[in-house]
Each structure stands twice: as structure tokens, then as C-alpha cells.
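**Q** what's the 3D shape of this:
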Amino acid sequence: MKKGRLILMPNTLDFGVDDSLDLRTVLPQRVIETAAGLTHWAAENAKTTRALLKRVDALTPLAQPLQALHIAELPRPAKGGKPAGDDAAAWRALLQPALDGHDLGLISEAGLPAVADPGARLVALAHQAGVEVLPLSGPSSLLLALAASGLNGQSFAFVGYLPVDGAARTARIRELEALSAKAQQTQLLIETPYRNEALRQALLNTLKPGTRLSISVGLTLPGGWTRTATAADWKRGDSAALPDRIPAVFAILS
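**A** I've put the predicted structure just below:
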């Protein structure tokens, strides 16, 4: 039996904040048409996926009714000290539709799947099983923020989330600032939206005055913005709090 493909399907960056946004402003027509034709999905969040497919259906009718689509969620991270391999069977099961000959869409809650996203594990399994992997073009908040920052786009690293504990977070910021200064490397960070402002304050309270900080908020959404300035200039500027429901990307270069 011929195997299906694992199709890496980009999502919007709105997390459902603005579902009135026309998909065609952020997703290519090919992506919309491909999404409409898929009947099997592996998703970080089934609810978010259904919301996107409802918007797709308004532009290009789905191959099957939304209720008839097969949408399986990625396994949640192990808790309680369970070994990481305990969920291996669940991950392999996600790939079964492709092994049975169906094209399988992999989708994140926002942006590109498998980039700062647990779906990378499914992509690795696809390669091991000889399943073709097809990435499709779409928005990545990390690359959009980097491009808009004016910071070093030749050398950069995505470091993800910082510790929630205050002392550990301060130590990590200082570590990243020192690394950035030594390598002249942009450091990209993200945070859960309701902690956006807490992270900004931690950065401003810790970074050296001359270190440049770039913050991008709501990219591709109406009113989205990027501002880059030194830590000292941020402190002297607008003190309005960052929104607590819209994703933000932070970047530093020392």
C-alpha cells in the first residue's frame, strides 16, 4: 500500500483572538486548499484546529463535514516523573493514517508546526517510517519578529521560556545577555501571554542599559507592532503594559 504524506500545515497567529481575520491575508491559497482536502489531522489542540477548519470551509469547502474529520491530539508531556518513552506507542499511533495511505496534516496552535512545537517528534517518526514530509509556507512569529527587530539575523537562537521563579529568571537573563555579548547572537524568547508584562519588567530590571530589547506583539494581526530600543530607552518610554491575551516575542542583543 502506498503511504500518505505528513503535511506540515501552518496556522494563523491569532490563537482565536481575532477570527474575523481573512485567512487569505496570512495563508497562501495553496495552504487553504490543501487544508480543505485533508480528512486526517494530528493537532496540538483539536478545538483550535476545528476553529481554523471552520474558517477554511468558508473559503474552500471541506472534503468532509467538520464533524466527520479525524482529529487526534498530540500526547501531553509526561507528568509525575514518568519516563519520556512511556508515550511512544501513542506517538506512533498518530502516524498510522499516513501508513494506511492517507495524507495526514500536522498542525500547531499557531504558526508553523514542529518549530518551537512538540510536533517535531511526529516529523522524526515520519522520517523513520519512510513517510514523505511536506512543509507548507505560512507565518512564523519567531522569524517575523527577528526580521522586524533590526537585531542580528545572521546569528540567533531560540531559547523558549524563562524560569517562572524570580531569582532563576534573573540568573537566566544575565546568562543569555552574556552569551549574546560574547557571540553577538540575538536571543529569542517567548512567554505565556498573561505573563508578557512580567517578562518585560524582568528584562528591563536585569538587562544592562545599552542592551537592545525588541518586543513584537500580535504580528499579522490588526494593530500588531514591533519596537526595538535599548533597555534604558524602554524605561524612559511608554510604560503601558503589554496585552495579556495576545502572543509576544522578545529578542535581546547585547
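**Q** please make it C-alpha for all contacts and neighbour counts, starting now.
**A** Fine.
**Q** any stretches of the stretch 151-254 of the chain with poor pLDDT?
**A** Filtered on pLDDT under 70, the stretch 151-254 of the chain yields the residue ranges 238.
**Q** tell me, which helix in this protein spans the most residues?
**A** For the chain, the longest helix by residue count, based on DSSP state H, is helix 166-183.
**Q** hey, what's the angle from the next helix or strand after that helix to helix 166-183? Just curious.
**A** Remark: after helix 166-183, the chain's next helix or strand is strand 186-190, criterion DSSP states H and E. Strand 186-190 runs at 150 degrees relative to helix 166-183, counting by axes from the mean of the first three to the mean of the last three Cα atoms, to 10 degrees.
**Q** same for strand 186-190, what does it pack against?
**A** Packing partners of strand 186-190 (3 or more Cα pairs under 8 Å, 6 or more residues apart in numbering; DSSP states H and E): strand 156-160, helix 166-183, strand 248-253.
**Q** the shortest one: partners in the sheet, and parallel or antiparallel?
**A** When pairing is defined by DSSP bridges, strand 156-160 lines up against strand 186-190 (parallel).
**Q** contacts for the next helix or strand after the strand it pairs with, please.
**A** Next in sequence after strand 186-190, counting helices and strands by DSSP H and E, comes helix 196-206. Identification of contacts with helix 196-206 by Cα atoms under 8 Å, 6 or more residues apart in numbering yields 169-170, 173-174, 191, 231-232, 234-235, 241-244, 247-248.
**Q** can you flag the buried ones in these?
**A** Buried by 16 or more other Cα atoms under 10 Å: 169-170, 173, 191, 231-232, 234, 242, 247-248, out of those.
**Q** which two among these are spaced furthest apart?
**A** Farthest apart among the buried ones among the contacts of helix 196-206 by Cα to Cα are Ala232 and Pro247. That separation is 23.8 Å.
**Q** what kind of secondary structure is the residue nearest to Leu99 when sequence neighbours are not counted in?
**A** Nearest in space to Leu99, with sequence neighbours left out and distances taken as Cα to Cα, 6 or more residues apart in numbering, is Lys3 at 5.1 Å. Here Lys3 takes the coil state, with states given by DSSP: H, G, I helix; E, B strand; the rest coil.
**Q** quick one on the thing from earlier: nearest to Ala46, of the contacts of helix 196-206?
**A** After measuring these against Ala46 - Cα to Cα - the closest member comes out as Pro247, at 19.5 Å.
**Q** isn't the closest one right up against Pro193?
**A** Yes. In this structure, Pro247 is within contact of Pro193 by Cα atoms under 8 Å, at 5.2 Å.
**Q** all strands for the stretch 1-150 of the chain, in order.
**A** Secondary structure of the stretch 1-150 of the chain (DSSP state E, counting those that start in this stretch): strands at 5-9, 40-43, 70-73, 104-107, 132-135.
**Q** just name the most buried of those.
**A** strand 104-107 (a mean of 27; mean count of other Cα atoms under 10 Å).
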